[in-house]
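model this:
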Amino acid sequence: MRFFRRSLTTCALLALALGGCRNKQPQPDEHGHAEAPAASAASDHDHGGHADLPRRVRVSDEVLKDAGLQVTRVAKAALTETLSLPGEVSADPDRVARISSPSTGRLEQVTFREGSPVKKGDLLAVVRVPEIAKVRATRSATAARAQAMRANAQRLRALAKEGLGLEQDAVNAESEAAALEQESRSAAELLSTLGAGATGAASISLRAPLGGTVVSRDAVVGQPVTDEQTLGTIANLDEVWFLARVFEKDLSRLKAGVEAEVHLNAYPNEHFAGTVEYIGQQIDPIGRTVTARVRVKNKNELLRIGLFGVSQISLSGPTTSEPTLVVPQASITEIAGKSVVFVREAPNEFELHEVTLGRESLGRREVLAGLRENEEVVTDGVFSLKSIVLKGSFAEDHH
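Numbers count the residues shown, from 1 in each chain. This is a model prediction of the structure:
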């Protein structure tokens with residue numbers, strides 16, 4: 001019996017020792033640190049247990065400012081009903097320019113590369129155009145002939161007034177002078193259209209008509225070019241279109257001007273906010289769909305022309321869902337395979353909460369468990385807090 005009691009005492013001491021080891025906290029640094037959870041805190045909030053993750057994060061005022069931390073209050077709201085429509089990313093035609101030569105020639109210089117940014121007016125290429133020399137010669141010759149003919153017309157006009165010449169001769173000379181002057185002006189306009197002046201090299205400088213990114217290039221120094229050939233394409237991708245395909249049965253539920261959110265296969269964890277700008281007027285006879293054009297801002301320059309995905313478009317009419325706790329999608333992150341948010345407990349202190357998520361709609365997510373109404377969750381600066389948590393967890397593992 002005594003042996004049995006001693007064994008129980010020994011087991012209890014071991015359990016206490018092991019518990020103390022698990023609660024050991026990483027040492028704080030000068031910028032910020034994470035604290036391991038206390039047993040009472042875990043039971044109070046019931047977040048499924050975080051023995052393997054630090055639960056509290058303290059940051060200095062400097063880190064708080066540099067990270068740009070912003071919070072929002074958890075509140076109940078009715079999620080907007082949406083319709084999921086497949087589609088792909090396309091460039092706005094008003095933000096696309098094709099680079100071409102206004103005349104046949106040969107490339108002397110190419111200064112742009114595929115993928116490089118350009119500004120409006122930047123030099124892209126130089127094309128040597130033999131025709132420029134011919135046009136300049138024509139202009140000079142016709143200008144000289146026009147000047148001589150104008151002088152002769154004035155002389156004939158003076159003789160006609162004195163009765164020493166025919167009026168018709170003066171009229172004919174003036175008409176020919178006017179025709180030659182017009183021909184000279186046409187040659188000058190052609191030089192201007194070609195981008196060349198009255199003097200200089202027989203070449204054309206091709207410049208960027210708008211600012212953006214070079215998305216394609218088909219130009220090599222020395223190659224012959226024509227005025228119908230595209231040498232490259234520039235696209236301003238600050239804003240793009242998502243062309244969603246709408247089936248006939250859903251047309252009555254959509255209208256232009258409503259909010260939308262785009263999810264792309266290439267970026268499963270990213271969400272791109274947009275607005276339905278236009279709903280097509282013509283049915284595709286094969287797919288029996290109409291195109292809904294969603295204008296989307298290119299967040300972090302991630303969007304690429306041709307990417308496939310799904311747009312969540314807000315349905316017109318009143319919502320039928322009941323109010324529930326919701327948070328911005330931006331406040332949710334994943335740590336150790338769990339969905340978590342950071343709740344502000346004090347100006348410089350944040351607590352990690354594991355959350356159970358429900359439906360998602362237009363940048364907001366339903367929270368089924370893990371949060372209470374009026375708690376403040378971090379929306380901007382989540383990545384910085386996550387880095388501190390992971391750093392603290394790494395320190396514990398190697399302590």
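
what stretches of the stretch 151-300 of the chain score poorly on pLDDT?
When the per-residue scores of the stretch 151-300 of the chain are filtered using pLDDT under 70, the ranges that remain are 193, 195-201.

switch the cut-off to 90
The stretch 151-300 of the chain contains residues with pLDDT under 90 at 151-205, 227-228, 248-255, 257-259, 261, 268-271, 273, 284-288, 299-300.

can you pull out the helices in it?
Counting by DSSP state H, counting those that start in this stretch, the stretch 151-300 of the chain has these helices, from start to end: 167-194.

can you check the stretch 1-150 of the chain too?
In chain order, the stretch 1-150 of the chain shows helices spanning 2-22, 39-45, 61-67, 130-161, with DSSP H, counting those that start in this stretch as the criterion.

how much space is there between D238 and T111?
When Cβ to Cβ, to the nearest Å is applied, the distance between D238 and T111 equals 23 Å. Using the backbone N, CA and C atoms, a C-beta is placed for each residue, glycine as well.

try P102
The spacing between P102 and T111, counted by Cβ to Cβ, is 18 Å.

Does T72 touch T379 like I think?
Yes. Using Cβ atoms under 8 Å as the test, T72 is close enough to T379 to be in contact (5.1 Å).

tell me, what's touching those two both at once?
Contact criterion Cβ atoms under 8 Å, 6 or more residues apart in numbering; residues shared by T72 and T379: P328, S331.

Neighbour count: these two, which is higher?
Between T72 and T379, counted using other Cβ atoms under 10 Å, T379 has the larger neighbour count: 18 against 14.

Can you list the buried residues in the host helix or strand of the more buried one?
Per DSSP states H and E, T379 falls inside strand 376-380. Neighbour-count burial for strand 376-380 flags E376, V377, V378, T379 (criterion: 16 or more other Cβ atoms under 10 Å).

Going by distance to L85, which of those residues wins?
Within the buried residues of strand 376-380, proximity to L85 (Cβ to Cβ) peaks at T379, which comes in at 27.1 Å.

and the buried residues of strand 376-380 as a markdown table, adding distance to L210 and pLDDT?
A markdown table is the format used below for these (distance: Cβ to Cβ, whole Å; pLDDT from 0 to 100):
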| residue | distance to L210 | pLDDT |
| --- | --- | --- |
| E376 | 44 | 85 |
| V377 | 41 | 84 |
| V378 | 39 | 84 |
| T379 | 34 | 83 |
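
ok, these vs K299, which is closest?
Here the nearest of the buried residues of strand 376-380 to K299, counting by Cβ to Cβ, is T379; it sits at 14.8 Å.

check contacts around the closest one.
Contacts here follow Cβ under 8 Å, 6+ apart; on that basis T379 touches Q70, V71, T72, P328, A330, S331.

Surely S84 is in contact with G309?
No. Taking contacts as Cβ under 8 Å, S84 lies outside contact range of G309: 10.2 Å.

which of those two has more neighbours?
Of the pair S84 and G309, G309 is the one with more neighbours under other Cβ under 10 Å, namely 21 against 10.

does that one sit in a helix, a strand or a coil?
Judged by DSSP: H, G, I helix; E, B strand; the rest coil, the three-state class of G309 is strand.

Isn't it up against E88?
Yes. Under the contact definition of Cβ under 8 Å, G309 touches E88, with a separation of 7.3 Å.

what do those two both touch?
Between them, G309 and E88 share these contacting residues under Cβ under 8 Å, 6+ apart: F242.

which of the buried residues of strand 376-380 lies closest to P130?
Nearest to P130 among the buried residues of strand 376-380: T379, at 62.5 Å, using Cβ to Cβ.

Next, find the distance separating that closest one from S331.
Going from T379 to S331 by Cβ to Cβ gives 5 Å.

Between the two, which contacts overlap?
Shared between the contact lists of T379 and S331 (criterion: Cβ under 8 Å, 6+ apart) are residues T72.

I'd like to know how many residues surround G306.
Using other Cβ under 10 Å, G306 has 8 other residues around it.

how close does it get to L85?
17 Å.

now V382
Relative to L85, and taking Cβ to Cβ, V382 is found at 29 Å.

So between the two, which is more surrounded?
More neighbours sit around L85 than around the other of V382 and L85, counting by other Cβ under 10 Å; the figures are 24 against 21.

and the more buried one, what is it in contact with?
For L85, the set of contacting residues under the criterion of Cβ under 8 Å, 6+ apart consists of A244, R245, V246, D250, A292, V310, S311, I313.

Just among the residues you listed, which is most surrounded?
Neighbour count (other Cβ under 10 Å) singles out I313 as the most crowded of the contacts of L85, with 30 neighbours.

and that residue, helix, strand or coil?
Using three-state DSSP, the three-state assignment for I313 comes out as strand.

Show the contacting residues for it.
With Cβ under 8 Å, 6+ apart as the criterion, the residues that contact I313 are T82, L83, L85, A244, L254, V258, E259, A260, V276, A292, V294.

For the last one, list the residues it contacts.
Going back to what we said before, that points to V294. V294 sits next to 87, 241-244, 260, 262, 274-277, 311, 313 when contact means Cβ under 8 Å, 6+ apart.

redo that, cut-off 10 Å
Listed by Cβ atoms under 10 Å, 6 or more residues apart in numbering, the contact set of V294 reads 85, 87, 89, 240-244, 258-262, 272-278, 311-313.

Repeat that for the fifth one.
Contacts of L254 were listed using Cβ under 10 Å, 6+ apart, and they are 83, 85, 244, 246, 260, 276, 279, 290, 292, 313-316.

The same query, at a cut-off of 8 Å, please.
Counting by Cβ under 8 Å, 6+ apart, L254 touches L83, V246, V276, I279, A292, I313, L315, S316.

and what of the first one?
For T82, the contacting residues are E261, Q312, I313, S314, L315, S361, L362, by Cβ under 8 Å, 6+ apart.

And the fourth one, by the same measure?
The neighbourhood of A244, defined by Cβ under 8 Å, 6+ apart, consists of L85, P86, G87, A260, T291, A292, R293, V294, S311, I313.
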